[in-house]
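1. need a structure here:
(chains A and B)
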Number of protein chains: 2
Amino acid sequence: MTRAIIDEAPELVLADPRQIRLAARAGRLAGQTSGLARGFVQGNLAILPKDLAGDFLRFCQRNPKPCPLIGVSEPGDPRVPELGADLDIRTDLPRYRIWKNGELVDEPTDITAWWRDDLVAFVIGCSFSFEEALLADGIPLRHIACGSNVPMYRTRIPTNAAGPFHGPLVVSMRPLRPADAIRAIQITSRFPNVHGAPVHIGKPEMIGIVDIGKPDYGEAVPVEDDELPVFWACGVTPQSVIAAARPPFAITHAPGCMLVTDVRNASLSVI
Amino acid sequence: MTRAIIDEAPELVLADPRQIRLAARAGRLAGQTSGLARGFVQGNLAILPKDLAGDFLRFCQRNPKPCPLIGVSEPGDPRVPELGADLDIRTDLPRYRIWKNGELVDEPTDITAWWRDDLVAFVIGCSFSFEEALLADGIPLRHIACGSNVPMYRTRIPTNAAGPFHGPLVVSMRPLRPADAIRAIQITSRFPNVHGAPVHIGKPEMIGIVDIGKPDYGEAVPVEDDELPVFWACGVTPQSVIAAARPPFAITHAPGCMLVTDVRNASLSVI
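-> Purely as a prediction, here's the structure:
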């Protein structure tokens, strides 16, 4: 992913978050944000009309592990100043997805033409932040070594419903040696705003995962005999729940094309 | 264990730590201390001559997970005032073990007759403190449900040697459902002075445990299909290491007959 950026806009690898957003705004960055503006929080985006926003806000409040809210806009206001002083949610992500009645209708690099004065933007924490903390501790992450997207699975763990929003928890999986798994639980417990501690460890069948080699999203990675699969609540959950609710209109980020914020990953640590 | 105390000295069940120590001092309590003076730290005891004390202190410093020191006496001084103002290490444990050249030679209820002015007492944190925190969180502990001692195993994980003290790490094992295991890692991480986070989870064979049904100390407990065995560094490690070093003279507590201190369990939490 980073390689694509190196080809596309090599100056962005060492850029700060504002430079990344301005590059997206200017159309110079239309791809994935993994590895960019290291040290800064990236967020999942969901935009809904005001008449569904209250239900979705309650859904996030009731499901903080998959849906840790790090920013919410005022209705009709494209700014989220707590995440970046000059941030414009309509232009500052590399690519978006437009949904009508649950169907994908467009993948623009700018949603100014789609913006409405009843839209509310929700920014949800993402595992990139805790992965940075794990790597900084020397814990190897298989999907990064494989150069692939983390494997994700629909579980049989239900989320707590709110209005039309309900459905199964989606989890991401990282295989870890037991001592690394214990350390990873300690480290990610410090970051409740980016999914926090794992929700499950070992024994995929207990949460309804039939074949660990067949993820529902992302790509499979090998789990070695001396490793345990460790499962974290995943930010794909809210997207999956919104798709199932089939709202008349919704906007999300395109996969991997996250909002890069001015918030430092380290500042999310609660201890 | 508590039942024996109820028969022996029923007034001690609700006693405070000083009352427990005075009962041991007076000879009214000669049995196990599990379940007594709830909320207060109990400690493992090791007493060595001064010429070995420096080596043992280094051993503890190098192996903080099995040997978390919570108090050390001055040579020849039977007091450890940081653990109890009036505490006398010669009389305040219910029962002791006297060792000569690695052989058990006596199990007295008072070591006044064995005391020497070159002895140094080491008090080492014990898992009772973190078990109380786990139970307070609603996490069931199988060995307590079974009314048995926790199962303990010699591993092939080496300790870090100091002078004559070396040997394998001994671990205790508690079977837990995955979500409880994750929560138990969080809770015990807060208590580094009483062994802290687990050292291993799942896969007993990786640390040299051939048969989980045959512990080296304590009693076996069932591990169900929906549980993972979780392993903590154990305070039996220093006793095992001292026995193997065969010092000319040493004193320890008798199994389960711990030093009851005035330190609150909750005060050991680092966060």
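
2. could you pull out the strands for chain A?
-> A:40-49, A:69-72, A:96-100, A:103-106, A:119-125, A:152-158, A:168-176, A:200-201, A:228-233, A:250-253, A:259-264 (DSSP state E).

3. contact residues of chain A facing chain B?
-> A:178-179, A:181-182, A:185-186, A:189, A:197-203, A:206, A:226, A:228, A:271 (CB under 8 Å from any CB of the partner chain). Glycine gets a C-beta too; all of them are placed from N, C-alpha and C.

4. redo that, cut-off 7 Å
-> Those residues of chain A that sit near chain B, judged by CB under 7 Å from any CB of the partner chain, are A:178-179, A:181-182, A:185-186, A:189, A:197-198, A:200-203, A:206, A:226, A:228, A:271.

5. which of those count as buried?
-> Buried by 16 or more other CB atoms under 10 Å in any protein chain shown: A:178-179, A:181-182, A:185, A:189, A:197-198, A:200-203, A:206, A:228, out of the residues of chain A next to chain B.

6. including distance to B:Val241, could the strands of chain A go into TSV?
-> Formatted as TSV, those follow (distance: least, CB to CB, whole Å):
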stretch	distance to B:Val241
strand A:40-49	46
strand A:69-72	49
strand A:96-100	61
strand A:103-106	64
strand A:119-125	45
strand A:152-158	44
strand A:168-176	30
strand A:200-201	31
strand A:228-233	30
strand A:250-253	56
strand A:259-264	44
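
7. including mean pLDDT, could those go into a markdown table?
-> Formatted as a markdown table, these follow (pLDDT from 0 to 100):
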| stretch | mean pLDDT |
| --- | --- |
| strand A:40-49 | 97 |
| strand A:69-72 | 96 |
| strand A:96-100 | 97 |
| strand A:103-106 | 95 |
| strand A:119-125 | 98 |
| strand A:152-158 | 97 |
| strand A:168-176 | 98 |
| strand A:200-201 | 98 |
| strand A:228-233 | 98 |
| strand A:250-253 | 97 |
| strand A:259-264 | 97 |
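
8. out of these, which comes closest to B:Val170?
-> Proximity to B:Val170 (CB to CB) singles out strand A:228-233 among the strands of chain A, at 22.7 Å.

9. for that closest one, name the packing helices and strands.
-> strand A:168-176, helix A:178-189, strand A:200-201 (3 or more CB pairs under 7 Å, 6 or more residues apart in numbering or on different chains; DSSP states H and E).

10. A:Gly39: how many residues sit nearby?
-> 12 (other CB atoms under 10 Å in any protein chain shown).

11. residues contacting it?
-> Residues near A:Gly39 by CB atoms under 7 Å, 6 or more residues apart in numbering or on different chains: A:Arg264, A:Asn265.

12. distance check, it against A:Val270.
-> Distance, A:Gly39 to A:Val270, by CB to CB, to the nearest Å: 18 Å.

13. one more: A:Phe59?
-> Distance from A:Phe59 to A:Val270, by CB to CB: 23 Å.

14. the two: which has the busier surroundings?
-> More crowded of A:Phe59 and A:Val270, by other CB under 10 Å: A:Phe59, with 27 against 10.

15. what about the helices in the stretch 1-150 of chain A?
-> Using DSSP state H, counting those that start in this stretch, the helices of the stretch 1-150 of chain A run over A:2-8, A:17-25, A:50-62, A:128-136, A:142-145.

16. next, the buried residues of the last one.
-> This means helix A:142-145. Buried, per 16+ other CB under 10 Å, within helix A:142-145: A:Arg142, A:His143, A:Ile144.

17. what's the neighbour count on the residue nearest to A:Asp216 when sequence neighbours are not counted?
-> Of all residues not flanking A:Asp216 in the chain, A:Arg154 sits nearest, at 4.9 Å (CB to CB, 6 or more residues apart in numbering or on different chains). For A:Arg154, the count of nearby residues is 20 (other CB under 10 Å).

18. so what's A:Arg154 up against?
-> A:Pro168, A:Val170, A:Asp216.

19. beta partners of the second one?
-> What that stands for is A:Val170. When bridges are called by DSSP bridges, A:Val170 pairs up with A:Arg154.

20. how near is A:Leu12 to A:Gly31?
-> Distance from A:Leu12 to A:Gly31, by CB to CB: 10 Å.

21. and A:Asn101, by the same measure?
-> According to CB to CB, A:Asn101 stands 28 Å off from A:Gly31.

22. do A:Ile251 as well
-> 18 Å.

23. neighbour count for the two, which is higher?
-> A:Ile251 (24 against 21).

24. per-residue pLDDT, the residue in the stretch 1-150 of chain A positioned nearest to chain B?
-> Closest approach between the stretch 1-150 of chain A and chain B, counting by CB to the nearest CB: A:Lys65, at 11.5 Å. At A:Lys65, the model reports a pLDDT of 97.

25. hmm, back to that, dump the buried residues of helix A:142-145 to CSV, plus distance to B:Ile124.
-> Formatted as CSV, those follow (distance: CB to CB, whole Å):
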residue, distance to B:Ile124
A:Arg142, 38
A:His143, 41
A:Ile144, 40
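
26. just put the residues you listed in CSV and tack on pLDDT.
-> Shown next, in CSV, are the buried residues of helix A:142-145 (pLDDT from 0 to 100):
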residue, pLDDT
A:Arg142, 97
A:His143, 95
A:Ile144, 93
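
27. what's the closest of those residues to A:Leu45?
-> For the buried residues of helix A:142-145, the nearest to A:Leu45 is A:His143 (22.0 Å; CB to CB).

28. check contacts around the closest one.
-> A:His143 neighbours (CB under 7 Å, 6+ apart): A:Asn149, A:Val150, A:Pro151, A:Val221.

29. report the buried members of these.
-> Applying 16+ other CB under 10 Å to the contacts of A:His143 flags A:Asn149, A:Val150, A:Pro151, A:Val221 as buried.

30. against A:Asp225, how distant is the nearest residue to A:Leu45 once chain neighbours are set aside?
-> Of all residues not flanking A:Leu45 in the chain, A:His253 sits nearest, at 4.2 Å (CB to CB, 6+ apart). A:His253 sits 37 Å away from A:Asp225, going by CB to CB.

31. just send the helices and strands packed on strand A:228-233 back as TSV, with distance to A:Arg97 too.
-> Shown next, in TSV, are the helices and strands packed on strand A:228-233 (distance: least, CB to CB, whole Å):
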stretch	distance to A:Arg97
strand A:168-176	17
helix A:178-189	28
strand A:200-201	29
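
32. so, low pLDDT: which residues of chain A?
-> Residues of chain A meeting the criterion pLDDT under 70: A:1-10.

33. mind running it again at 80?
-> Along chain A, the model assigns pLDDT under 80 to residues A:1-14.

34. pull the number of nearby residues for the spatially closest residue to A:Val105 that is not a sequence neighbour.
-> Among residues not flanking A:Val105 along the chain, A:Ile98 sits closest, at 5.1 Å (CB to CB, 6+ apart). Residues lying near A:Ile98 (other CB under 10 Å) number 18.

35. so A:Ile98 sits right up against A:Phe249, yeah?
-> No. Using CB atoms under 7 Å, A:Ile98 makes no contact with A:Phe249, being 8.1 Å away.

36. which ones are touching A:Leu135?
-> A:Leu135 makes contact with A:Leu141, according to CB under 7 Å, 6+ apart.
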